[in-house]
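Chemist: Here's a sequence, model it:
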Amino acid sequence: QVQLVESGGGLVQAGGSLRLSCAASGSVLSIYTVGWFRQAPGKDREFVSSINWNGGRTDYADSVKGRFTISRDNAKNTYLQMNSLNSDDTALYYCAAGFPITFRSGRNRYWGQGTQVTVSS
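Modeler: All right, here's what the predicted structure looks like:
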């Protein structure tokens, strides 16, 4: 069983930065792709970014390319560095773990509870 716990959310002014962390329990995480989704009020959950099991492949939504960077330092910790934040980035951010072929679709086996990011203009 894998449990994911997000941290690092908060309130930031437009143009600012935040770093989200996802801490995982359970060593099986080393075989999964890990990444982030977000859901803004009244909107569907959307893919943000992912990183494969060895950190060698990353993927980003077009809306965050060039501003967000995903990384992982071992089988347990994954990070999302978010720069140049704007009001469109305001959302509840979820960490997820799953298989690479279906990860972006949202059909992932493990999910965290989410951490709120609010960008003020």
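Chemist: Which residue comes closest to the residue positioned nearest the centre of the chain once chain neighbours are left out?
Modeler: Nearest to the geometric centre of the chain sits W36, at 2.2 Å (Cα atoms, centre = their mean). Spatially, and ignoring its direct neighbours in sequence, W36 is nearest to V48 (4.2 Å; Cβ to Cβ, 6 or more residues apart in numbering). No exception for glycine: its C-beta is placed from N, CA and C like everyone else's.
Chemist: so what's R72 closest to, chain neighbours aside?
Modeler: Nearest non-adjacent residue to R72, counting by Cβ to Cβ, 6+ apart: T78, 4.4 Å away.
Chemist: Count the neighbours of S71 for me.
Modeler: As a burial measure, S71 scores 14 neighbours (other Cβ atoms under 10 Å).
Chemist: how about low-confidence regions in the protein?
Modeler: For the chain, the stretches with pLDDT under 70 are 27-29.
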